[in-house]
Each structure stands twice: as C-alpha cells, then as structure tokens.
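Student: Dropping the sequence and predicted coords here.
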Amino acid sequence: MSNTGRSRWRHLVAPADLAALAAGDVRLFEVGFGALPAFLAGHIPGAAYLDTAQLESAPLWNKVDDSVLLALLLRCGVCHDSIVILYGRNNLAAARAAHLMLYAGVADVRLLDGGFHGWVALGLPGEAGPGASYPPAATFGTAVPAHPGYLLDMAAVRRLRRDDPGVLVSVRTWPEYQGHTSGYPYIAARGDIPGARWGRILNDDDINGMSEFHRGDGRMAHQDAIRRIWMDAGIHPGRRAVFYCGTGWRASLAFFYAWLMGWEEIGVYDGGWCEWSRDPANPVVCRAGVAD
C-alpha cells in the first residue's frame, strides 16, 4: 500500500510484524465490550485487556469526560509519547479506542490489520490468562485533549450544518441511511441527519460489518478503493469530513482509515444517530417514508 500525504502506514500493523513490535517498549491492548472472558481464554501474547465501557457510557455511548479518559490512560500506563497497538475480536472496538487516544494526544497509536481473527488465521500463537499489566504513568505529558477537532458534540454538528462547508458522512448501512431501520434494538427512531453523505456500507445487515472497506480476510481494503468510494459521494481530503454512525464504532474506523491516508480535516460526531435522534429539535430525514 503506497504512501500518500503524511506517512502513517506504519500505524496499520500486519499480524506477521506484531510479535517483533510487541517485544519492544509498547502498550498492546485487546479492546472489546464485555469480552473479558474470551480474552482470558486466549489472546495475543503480551496483550492487556481494555473494555470500551471504560471509554464510553450509556445511554448514548458517548465518550467519558476528558478527566476520566485521562485517568484511564494513566492507569493503563499510556502517556502522550507511548507506542500503543490495539486490536479486537471486533476491530471496530479497537478503532473506537484508537480514535479517542488520538483525540487525547497519544502520538503513536497503531491498529492491528485484520484484528484478532487475522492473527489466528495465520496460525500465530496465543496465550490464556489475565494478560499484561503495565505500570501506571505518572503524567500524560501534554494537555488533554491535544486534538479537540477530532471529536464533535451535537452543538458542533449543528454549527457545521449551518455554517461550515464541511460534510457529514453517515457511516451506516443502506437500510439505516434510508430509514428502513435504526440499526440498533435500543434506538427507536429511524432516519438520518439531513444533508449527510452516505459513507457507503452496502448490504451489511450486521451493524458491525463494513465489508466495503475490507478485503475478504478482514484487512483494510486498498486505499485507492476507499478513496473512490468517498470521492464518488463528494467526500475528499480537501473538504472537512465528520464521520458518524449509530454510536461511534464504525465512524471511528472510517476516521482511522482517513487518518492513515493522510487526511487532516477529519473528525467523529461522538453522539451519532443515537444522540441526534433523541432531540426533537433536530431535523431528521427518512428517505424510506415518514420518520418515527
């Protein structure tokens, strides 16, 4: 995969390269939601476990307060100049953590291409048990957040729609984007944010699926293929792009891939459809018919 823009491709780690990297001074985490039992049964050697419930909270699943995020990073032994490598059994969870760490100011955040399943598919070794425990960090080393523009709240999205030439990118399935379904059992409303461009997730019925962005083995699709998808929808690096989905996981992966490709004016709308749809003051479009 060739480099374009800023050279960030080292931040997408091939499974075959992970063992050598993990032997150095890095922080390796498996990220999941309620997946500690699976981690204990078997994980990549040297990994610690990080649960997304520590990064976001119900009912909107928005990011925790910055002070809570900072305290969590310090407990995990992560500061601004740490090398952090993340993976998941669902790599969207790892992408959610990666986005929030970049937002906080961790300078070197990397994602395992293909996640845990890519590691297993190559027959690479695993280990059972509690995993690694990193010594806490005394200080983070920079103000948090170091990159506030990487994350937008609802007020910022309203301003973007009104005053900003940037574009909202709906990283949702076609049935969600059209308003046939909300995509989530705990989100009642169907529809989408008016004016948002579709980030193109075709017929994945599973909200954890992003097949348009991946090869058959789960690794990231070639950057040219992803760029074409977005360019066809009017999403390009010369125009600010704010990604959102239902609650943040899919949007975080889209953000991370755009970041890898050297895009600078990018962010994630943290609340996504879950938050937007709960406020009756917000406009909603339901292309499939009348919105709930």
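Tutor: Nice, thanks for sending it over. Residues are numbered from 1 along each chain as shown.

Student: all helices for the chain, in order.
Tutor: 15-22, 36-41, 66-75, 91-104, 115-121, 154-163, 174-178, 223-232, 249-260, 272-276 (DSSP state H).

Student: Mind putting these into TSV with distance to residue 47 and mean neighbour count?
Tutor: Just so you know, the C-beta spots here come from the backbone N, C-alpha and C atoms, and that holds for glycine as well. As requested, those are exported to TSV (distance: least, C-beta to C-beta, whole Å; neighbours: other C-beta atoms under 10 Å):
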stretch	distance to residue 47	mean neighbour count
helix 15-22	8	16
helix 36-41	8	14
helix 66-75	16	16
helix 91-104	11	26
helix 115-121	9	20
helix 154-163	34	15
helix 174-178	32	20
helix 223-232	27	16
helix 249-260	19	26
helix 272-276	28	25
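
Student: what's the closest of these to residue 185?
Tutor: Minimum separation from residue 185 across those (C-beta to C-beta) falls at helix 272-276, 11.8 Å.

Student: roughly how far out does that closest one sit from the chain middle?
Tutor: Centre-to-centre, helix 272-276 and its host chain are 16 Å apart (C-alpha atoms, centre = their mean, to the nearest Å).

Student: Near residue 209, how many residues? Count them for me, please.
Tutor: By other C-beta atoms under 10 Å, 16 other residues sit near residue 209.

Student: Could you list the low-pLDDT ranges of this protein?
Tutor: 1-6, 202-207, 289-292 (pLDDT under 70).

Student: let's go with 90 and repeat that
Tutor: 1-7, 19, 22-24, 163-165, 181-188, 199-212, 216-217, 238, 286-292 (pLDDT under 90).

Student: so which of the helices of the chain comes closest to residue 142?
Tutor: Evaluated with C-beta to C-beta, the helices of the chain place helix 91-104 nearest to residue 142, the distance being 8.9 Å.

Student: can you give me the strands for this structure?
Tutor: 12-13, 27-32, 48-51, 56-57, 62-63, 83-87, 108-112, 151-152, 167-170, 197-198, 241-244, 266-269 (DSSP state E).

Student: What is the last one packed up against?
Tutor: Taking 3 or more C-beta pairs under 8 Å, 6 or more residues apart in numbering; DSSP states H and E as the contact definition, the neighbouring helices and strands of strand 266-269 are strand 151-152, helix 154-163, strand 241-244, helix 249-260.

Student: from the chain's centre, how far out does it sit?
Tutor: 10 Å.

Student: Give me every residue in contact with it, excluding its own residues.
Tutor: Surrounding strand 266-269, the residues in contact under the criterion C-beta atoms under 8 Å, 6 or more residues apart in numbering are 99, 149-154, 156-157, 168, 240-244, 248, 251-252, 255, 258-259, 276.

Student: Contact partners for residue 247?
Tutor: Counting by C-beta under 8 Å, 6+ apart, residue 247 has contacts 56, 60-61, 184, 272-274.

Student: With distance to residue 75 as added columns, please give those residues in CSV.
Tutor: Output for those, formatted as CSV (distance: C-beta to C-beta, whole Å):
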residue, distance to residue 75
56, 17
60, 24
61, 21
184, 30
272, 27
273, 31
274, 27
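
Student: Same list, the helices of the chain, but as TSV with distance to residue 212 please.
Tutor: Formatted as TSV, the helices of the chain follow (distance: least, C-beta to C-beta, whole Å):
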stretch	distance to residue 212
helix 15-22	22
helix 36-41	27
helix 66-75	30
helix 91-104	14
helix 115-121	17
helix 154-163	24
helix 174-178	10
helix 223-232	6
helix 249-260	10
helix 272-276	19
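
Student: Out of those, the one nearest residue 135 is which?
Tutor: helix 66-75 (10.0 Å).

Student: tell me the angle the closest one makes with helix 91-104.
Tutor: 110 degrees (axes from the mean of the first three to the mean of the last three C-alpha atoms, to 10 degrees).

Student: Helix 66-75 to strand 83-87, inter-axis angle?
Tutor: 100 degrees.

Student: Residue 171: what's it in contact with?
Tutor: 199, 201, 210, 243-245, 250-251, 253-254.

Student: Repeat the analysis, applying 7 Å as the threshold.
Tutor: Contacts for residue 171 (C-beta atoms under 7 Å, 6 or more residues apart in numbering) come out as 199, 201, 243-245, 250-251, 254.
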